[in-house]
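1. predicted model follows, preceded by the sequence.
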Amino acid sequence: MVMWSSPPATEINGILKGYKVVYHSLADWDEMSPPTEEVTQDEKFMMRNLESFCNYSIEVRAYTTKGDGVSSQLVFCRTQEDVPGPPADVKALVMDSKSVLISWKPPLHPNGRIKRYKVYFQSLDGFGLDKDQYDIPAKQTNYTISHLELHHRYEFWVTASTLVGEGAASRHVVQVPASHVPARMVSFSNHINVALEGDFQLHCIVVGQPSPKRTWTKNGKAITEDSHVKINDEYSLFASSVQTTDSGNYTCSAENMFGKDEITYLVKVQDMVFTTSPPGMTLDSTRATLLSGVAVTELLDGDTIVITFCSLTMSTMDRYSEEVTDRAAKC
């Protein structure tokens, strides 16, 4: 619920027609959503159908028949947590004749801070008919299940949990332990956004017997290590103090006598310049004056998401960053 005070009657400069509430989510610096504008005649407005655990900027302006007045001070808020969406993807990879490694991507919509994952599996061929499960720490995104039966089919799936509860399951995948283990990627292809002069690390985790041979390429050409691009013993690629020329497609390939696999990271290096000031507007005698204040209150009302962590004054970039750059709060 957003509430505000009307401009003083002596400063409306015409007939007050109503108010415009403008808000938009700050999901990520490079993918800011277009603002939403709602019109009301009341001095309050209920924002509905918001994303969970998502940062929003909110401003209000009065308007007359001649046009809009100056916007209120920006308010930055974040909605409360909810259960997460399903893990974005999952793999089941043969490790050996008795083991399968499960790997997954975090949910596209975590809707909060992920506290743990659960890996479920069950036999499809009469061994251990009741499903089993394992609790996995939030920072871990793969797990090896051992003591399986050779040539028997097993079904696997993963869920994520926040403080609110357990979310929906990932897609189910089936795998069969085998003696021949082809080269397969544990890591996933992904898009990576990094700030100019920042750093990034790309993983190339594989399974396979015999041990696969791995190679890194950028835009189809072999990568040569230099002062700011290194490949460690685990074949993770690390780049420091990156420039726009470091943008591109980074591909890690793995191959052994039983198979070949690869993943590609699309890396985008960009400047990140932000401003916290509302657009400049000139107040003249034909427009309504600046609203005297805006506040956001908590309200539990059906499917309305409660807004918390609001700040009414944001005078520096540091204070702005505290509200809206928590990567765990991405919507």
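-> Noted; the coordinates are in hand.
2. the helices in the protein, which residues?
-> 317-324 (DSSP state H).
3. domain assignment for it?
-> Split into domains by automatic domain parsing, the chain comes to 2-74+276-329, 81-179, 182-275.
4. dump these to JSON lines, plus mean neighbour count and mean pLDDT.
-> In this view, the C-beta of every residue, glycine as well, is placed from N, C-alpha and C. Below are the domains of the chain laid out as JSON lines (neighbours: other C-beta atoms under 10 Å; pLDDT from 0 to 100):
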{"stretch": "domain 2-74+276-329", "mean neighbour count": "15", "mean pLDDT": "65"}
{"stretch": "domain 81-179", "mean neighbour count": "17", "mean pLDDT": "94"}
{"stretch": "domain 182-275", "mean neighbour count": "16", "mean pLDDT": "93"}
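5. any idea how far apart the tips of stretch 249-266 sit?
-> End-to-end distance of stretch 249-266 (C-alpha to C-alpha, to the nearest Å): 5 Å.
6. check contacts around Tyr265.
-> Shown in contact with Tyr265 (C-beta atoms under 8 Å, 6 or more residues apart in numbering): 189-192, 202, 249-251.
7. let's see it at 7 Å
-> 189-190, 192, 202, 250 (C-beta atoms under 7 Å, 6 or more residues apart in numbering).
8. just give me the closest of the residues you listed to Ile58.
-> Proximity of those to Ile58 (C-beta to C-beta) peaks at Ile192, which lies at 30.6 Å.
9. quick check: bridge partners of the residue nearest to the closest one when sequence neighbours are not counted?
-> In this structure, Ile192 finds its nearest non-sequential neighbour in Val267, 4.7 Å apart by C-beta to C-beta, 6 or more residues apart in numbering. Beta bridges link Val267 to Ile192, Gly248, judged by DSSP bridges.
10. gap between Val267 and Asn193?
-> According to C-beta to C-beta, to the nearest Å, Val267 and Asn193 sit 8 Å apart.
11. surely Leu202 is in contact with Asn249?
-> No - Leu202 is beyond contact range of Asn249, at 11.1 Å (criterion: C-beta atoms under 7 Å).
12. on that earlier part again, export the contacts of Tyr265 to TSV and tack on distance to Gln133?
-> Listed next are these as TSV, based on distance: C-beta to C-beta, whole Å:
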residue	distance to Gln133
Ser189	28
Asn190	27
Ile192	32
Leu202	31
Tyr250	35
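13. apart from its chain neighbours, what residue comes closest to Val181?
-> Using C-beta to C-beta, 6+ apart and skipping the chain neighbours, the partner closest in space to Val181 is Gln209 (4.1 Å).
14. repeat for Lys91
-> Ser103 (4.6 Å).
15. contacting residues for the one you found?
-> Neighbouring residues of Ser103 by C-beta under 7 Å, 6+ apart: 91, 93, 141-142, 186.
16. tell me which of those residues is nearest to Asp42?
-> Thr141 (46.6 Å).
17. so how far is Val39 from the closest residue to Ile205 other than its chain neighbours?
-> Counting by C-beta to C-beta, 6+ apart, Ile205 lies nearest to Val186, which is 3.9 Å off, once chain neighbours are set aside. Val186 sits 51 Å away from Val39, going by C-beta to C-beta.
18. ok, back up a step: tell me the contacts of the residue nearest to Ile192?
-> Contacts of Val267 by C-beta under 7 Å, 6+ apart are 192, 194, 200, 246-248, 250.
19. in CSV: these, plus distance to Thr215.
-> Putting those into CSV (distance: C-beta to C-beta, whole Å) gives the following:
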residue, distance to Thr215
Ile192, 19
Val194, 23
Phe200, 19
Asp246, 19
Ser247, 20
Gly248, 16
Tyr250, 11
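20. Thr215: which of the contacts of Ser103 is nearest?
-> When the contacts of Ser103 are compared against Thr215 (criterion: C-beta to C-beta), the nearest one is Val186, at 16.5 Å.
21. the closest one contacts Val206, doesn't it?
-> Yes - between Val186 and Val206 a contact is recorded at 6.2 Å, counting by C-beta under 7 Å.
22. now the common contact residues for the two.
-> Common contact partners of Val186 and Val206 (C-beta under 7 Å, 6+ apart): none.
23. leaving out sequence neighbours, find the closest residue to Pro137.
-> Distance criterion C-beta to C-beta, 6+ apart; nearest residue to Pro137, sequence neighbours excluded, is Arg116 at 6.4 Å.
24. against Met46, how distant is that neighbour?
-> Counting by C-beta to C-beta, the separation of Arg116 from Met46 is 34 Å.
25. try Cys77
-> Computed as C-beta to C-beta, the Cys77 to Met46 distance reads 14 Å.
26. do Thr251 as well
-> In terms of C-beta to C-beta, Thr251 sits 48 Å off from Met46.
27. likewise for Lys118?
-> In this view, Lys118 and Met46 are 35 Å apart by C-beta to C-beta.
28. with Gln175 instead?
-> Using C-beta to C-beta, Gln175 is found at 48 Å from Met46.
29. ditto for Ser25
-> Ser25 is 17 Å from Met46, by C-beta to C-beta.
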